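Chemist: Give me a model of this one.
(2 chains)
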Amino acid sequence: MASPDTAARPRASTSPPDPTTGPKRRPSRPDAAYWLYLLPGALLFLLVIGGPLVYTGYLSLTKWSGVGDPTFVGLDNYRNLLTDDVFWTSFKNTVAMIIAMVVVPTLVGLVLAAVLFDTIGRRFRPRTAAALRAAFYLPQVLPVVVAGIVWGWILRPDGALNGLLDAIGLGALSHDWLGDPGTALPVVMAVMIWVQIGYPVVVFMAALERVNPELYEAAEIDGAGWFRRFRAITLAQIRPETFVVGLTCTIAAMKVFGPIYALTRGGPENATNVPSYFAYFTFFKRLNVGYGSAISMVLTLIIVVVAVLFIRAQNRAERRDGAL
Amino acid sequence: MAVTLTPPRVTHRRPDRHHRGAGRWIVLVLVTAAALAMLVPFAFMLLNAFKSPGDYSTNGPLSWPTEFYTTGLRTYWEQVDFPVKLWNSILISGSVAVLAVVVSLLSAYALGIGRVRGRLWIIGLFLLANMLPQEALIYPLYHFAKEAGLYNTRLAVIIIFTVIQAAFGTYLLASVLGAFPRTLLEAAALDGAGKWRILWRVVLPNIRPTISVLLVFFFIWTWNEFLIPLVMLIDNSTQTVPVALASLQGDRLMDAPTTNAGALLSLLPAILFFLIFQRTLARGITAGADK
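Modeler: Got it, this is the predicted structure:
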């Protein structure tokens, strides 16, 4: 999970003369030959993504257990979704996931990156900042399921968290953290913050390297305090990265599956259910393929809409900057 | 201990900015404390991976192990046939990384350099494909794989992830190649090189750093994938490292030390890659942000 590029956007303005439109040079060379290079990618794409997506769309209009032939039922599945409490709960929990995986990590990540870069990187040795950054980034490196299983054990009734509470005399607070519908969601959110925090820190620190250090020094000499510098320089300079982090993390939050599977399987009483787990469960445990497909299609639609809104907002912001 | 990362509040710095100032030390202490808090789960895991089940049940999760107990590690290693899982993960992730880079490069060549008609739409399509929830594909993939006799084979997973990763790779490489110096291409064309030769002899050598970053990303992303391997790979001989750990957790109640031993074994490769590839990754992230 990384966001390698903020650079990838259509190059409308910079496109050099298109060789294919220059009729005097090589009129006999159509760009058709290039289509051949697109062929493997296109075929694989149709086979693995395009075809299955369309098929899921069709299945969402049917009733099917996976065996025999699907029965066409029109929009029944979607109508049922509207009155399904679990469905609404799962989308409500998506909002919680967005808070835990996007909002908190981005805000904390901004401050941490700025502190690591501006304060620690410059007042102490840069290596100190790099070592601290690695500690924050470590959870991002692990298979998220492995992290989920370790946390699942820590939070068990006989796990390390309760052990720790006992040891410091707060045994009264011991709790079945993941087994209680009241605490399961906040605890899962905390785990997701832990998983996610390193990503914005790393991306933002990389972005800050781009910023001319003289800017900070000049601001400091002019008497700008840490917070002024943070607002006027850091935030302004790394806005493109903030967009990328916001977009990629929001999509990851809406798709989150592994940690839920490892920690709670959506329980207890659906307190931590999310759309992707709900869909998986409906497909493979309840064998209700049509209904699972409808859940997946709704999730897909929402993700696409959010992505398009994000990208348009980013383009607007860029144009505004360009106009200045 | 749920990692409270309250942003350290920084006191207003006094003008003597070069040295001294308790402020910076307070900041260092706060950030270091937060960083250590991030590592606490790993410490818990290490502490309990080498503990016997009896020791765990009498002394709890926080005590120092009474003996250096490695049976948990060995039990997990043998129970899941760990070397097989490791090989499956390496085979799948390695094949996907290479194949996805090749497919991305071919498509991006047509899109970024060939500038085929409608390329913006095609690139947009690939980008969206990368964002799709895998649930929207999983049932048909599962169903078709069964029909085609590819269910429960590593090949099925390799094909699927090649396409999913290539969707991102195409998007990224198309923009990199869009900025490729035209003069280089024209010079090669004047020398009589065809498109195929230009791709491998001129384009590829010039974007090698980006390619190596993509290889590493694809490898690690595929290694960490969960849903599709969970659905597609159902027996001991085909499962990957993360799926093995998760399915053992589901099957029977593993005792805490074995859980921790399994988790430790499962995350060691990831940490190893991280250390090996750290440079490439750091370069990749900066290279991306640079533009």
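Chemist: contacts and neighbour counts: CA atoms only from here.
Modeler: Noted.
Chemist: Now do the end-to-end distance for stretch A:96-106.
Modeler: Stretch A:96-106 has its terminal residues 15 Å apart, counting by C-alpha to C-alpha, to the nearest Å.
Chemist: Next: stretch A:168-180.
Modeler: 23 Å.
Chemist: Kindly report the same for stretch B:110-125.
Modeler: 15 Å.
Chemist: repeat for stretch B:49-65
Modeler: End to end - C-alpha to C-alpha - stretch B:49-65 spans 9 Å.
Chemist: Now the phi/psi pair for residue A:266, please.
Modeler: phi 80, psi -10 (degrees, to the nearest 10).
Chemist: neighbours around it, how many?
Modeler: Neighbour count of residue A:266, defined by other C-alpha atoms under 10 Å in any protein chain shown: 24.
Chemist: again with residue A:320
Modeler: 10.
Chemist: so which helix or strand takes in it?
Modeler: helix A:289-323 (DSSP states H and E).
Chemist: list the buried ones in that helix?
Modeler: A:289-300, A:303-304, A:307, A:310-311, A:314 (16 or more other C-alpha atoms under 10 Å in any protein chain shown).
Chemist: Over to stretch B:179-189?
Modeler: Buried residues in stretch B:179-189 (16+ other C-alpha under 10 Å): B:180, B:185, B:188.
Chemist: Identify the residue spatially nearest to the last one, adjacent ones excluded.
Modeler: So that's residue B:188. Of all residues not flanking residue B:188 in the chain, residue B:198 sits nearest, at 6.7 Å (C-alpha to C-alpha, 6 or more residues apart in numbering or on different chains).
Chemist: Residue B:32 and chain A, how far apart?
Modeler: 7 Å (C-alpha to the nearest C-alpha, to the nearest Å).
Chemist: list the buried ones in the helix or strand hosting that residue?
Modeler: Under the criterion DSSP H and E, the helix or strand holding residue B:32 is helix B:22-49. Neighbour-count burial for helix B:22-49, with 16+ other C-alpha under 10 Å as criterion, is recorded at B:23-24, B:27-28, B:30-32, B:34-39, B:41-42, B:44-49.
Chemist: still on that earlier bit, what is the burial count for the residue nearest to residue B:188?
Modeler: There are 17 residues near residue B:198, going by other C-alpha under 10 Å.
Chemist: what about it, helix or strand, and which?
Modeler: helix B:195-198.
Chemist: next one: residue B:217
Modeler: Per DSSP H and E: helix B:208-224 holds residue B:217.
Chemist: After that helix, which helix or strand is next?
Modeler: Next element after helix B:208-224 (DSSP H and E): helix B:227-232.
Chemist: The helix holding residue A:320 packs against which elements?
Modeler: helix A:51-59, strand A:62-63, helix A:76-82, helix A:239-255, helix A:275-284, helix B:119-131, helix B:135-147 (3 or more C-alpha pairs under 8 Å, 6 or more residues apart in numbering or on different chains; DSSP states H and E).
Chemist: now the stretch 201-324 of chain A, which segments are flagged as low pLDDT?
Modeler: Within the stretch 201-324 of chain A, the stretches with pLDDT under 70 are A:322-324.
Chemist: can you tell me which residues contact the residue of it found nearest chain B?
Modeler: Closest approach between the stretch 201-324 of chain A and chain B, counting by C-alpha to the nearest C-alpha: residue A:296, at 5.0 Å. Counting by C-alpha atoms under 8 Å, 6 or more residues apart in numbering or on different chains, residue A:296 makes contact with A:275, A:276, A:279, B:133, B:135, B:136.
Chemist: now those in TSV, with distance to residue A:83 and neighbour count?
Modeler: As requested, those are arranged in TSV below (distance: C-alpha to C-alpha, whole Å; neighbours: other C-alpha atoms under 10 Å in any protein chain shown):
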residue	distance to residue A:83	neighbour count
A:275	15	29
A:276	18	29
A:279	16	26
B:133	23	24
B:135	21	29
B:136	21	28
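Chemist: In terms of distance to residue A:251, which of these ranks first?
Modeler: Among the contacts of residue A:296, residue B:133 lies closest to residue A:251 (C-alpha to C-alpha), at 8.7 Å.
Chemist: which SS class is the closest one?
Modeler: State at residue B:133, reduced to three classes by DSSP: H, G, I helix; E, B strand; the rest coil: coil.
Chemist: in terms of contact, does it touch residue A:255 like I think?
Modeler: Yes - assessed by C-alpha atoms under 8 Å, residue B:133 is found in contact with residue A:255 at 5.7 Å.
Chemist: Now do the shared contacts for the two.
Modeler: Counting by C-alpha under 8 Å, 6+ apart, the contacts common to residue B:133 and residue A:255 are residue A:276.
Chemist: re the thing from before, closest to residue B:153 out of the helices and strands packed on helix A:289-323?
Modeler: Closest to residue B:153 of the helices and strands packed on helix A:289-323, according to C-alpha to C-alpha: helix B:135-147, at 9.0 Å.
Chemist: Which other helices and strands does the closest one contact?
Modeler: Helix B:135-147 packs on helix A:51-59, helix A:275-284, helix A:289-323, helix B:227-232, going by 3+ C-alpha pairs under 8 Å, 6+ apart.
Chemist: if you set the cut-off to 7 Å instead, what comes out?
Modeler: helix A:51-59, helix A:275-284, helix A:289-323 (3 or more C-alpha pairs under 7 Å, 6 or more residues apart in numbering or on different chains; DSSP states H and E).
Chemist: what's the closest of those to residue B:140?
Modeler: Nearest to residue B:140 among those is helix A:51-59 (5.2 Å), distances taken as C-alpha to C-alpha.
Chemist: Check which helices and strands that closest one sits against.
Modeler: helix A:289-323, helix B:135-147.
Chemist: hmm, back to that, make a markdown table out of the helices and strands packed on helix B:135-147 and add distance to residue B:268.
Modeler: Output for the helices and strands packed on helix B:135-147, formatted as a markdown table (distance: least, C-alpha to C-alpha, whole Å):
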| stretch | distance to residue B:268 |
| --- | --- |
| helix A:51-59 | 35 |
| helix A:275-284 | 27 |
| helix A:289-323 | 33 |
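Chemist: For the stretch 51-200 of chain A, what lies in contact range of chain B?
Modeler: Taking C-alpha under 7 Å from any C-alpha of the partner chain, the part of the stretch 51-200 of chain A that reaches chain B is made up of A:52-53, A:55-56, A:108, A:111-112, A:119-120, A:132, A:135-136, A:141-146, A:150, A:159-160, A:163, A:190, A:194.
Chemist: ranges for the strands of the stretch 51-200 of chain A?
Modeler: For the stretch 51-200 of chain A, the strands defined by DSSP state E, counting those that start in this stretch cover A:62-63, A:71-72.
Chemist: contacting residues around stretch B:235-244?
Modeler: A:143, A:145-146, B:80, B:84-86, B:88-89, B:152-154, B:226, B:229-230, B:233, B:266 (C-alpha atoms under 7 Å, 6 or more residues apart in numbering or on different chains).
Chemist: Could you tell me which of those are located in helices?
Modeler: By the criterion of DSSP state H, membership of the contacts of stretch B:235-244 in helices covers A:145, A:146, B:84, B:85, B:86, B:88, B:89, B:154, B:229, B:230, B:266.
Chemist: List the contacts of whatever residue of the stretch 51-200 of chain A ends up closest to chain B.
Modeler: With C-alpha to the nearest C-alpha as the measure, residue A:143 is the residue of the stretch 51-200 of chain A nearest to chain B, at 4.4 Å. By C-alpha under 7 Å, 6+ apart, the contact set of residue A:143 is B:224, B:242.
Chemist: now swap in the one 10 residues further on and tell me
Modeler: Contacts for residue A:153 were tallied using C-alpha under 7 Å, 6+ apart; they are residue A:159.
Chemist: any idea how far residue B:36 is from it?
Modeler: 20 Å.
Chemist: same question, residue A:41
Modeler: From residue A:41 to residue B:36 the distance is 45 Å (C-alpha to C-alpha).
Chemist: With residue B:202 instead?
Modeler: 47 Å.
Chemist: Can you tell me which of the contacts of residue A:296 comes closest to residue B:121?
Modeler: Distances from residue B:121 to these, taken by C-alpha to C-alpha, are shortest for residue B:133, at 20.3 Å.
Chemist: list the contacts for the closest one?
Modeler: Counted by C-alpha under 7 Å, 6+ apart, residue B:133 has contacts A:255, A:300.
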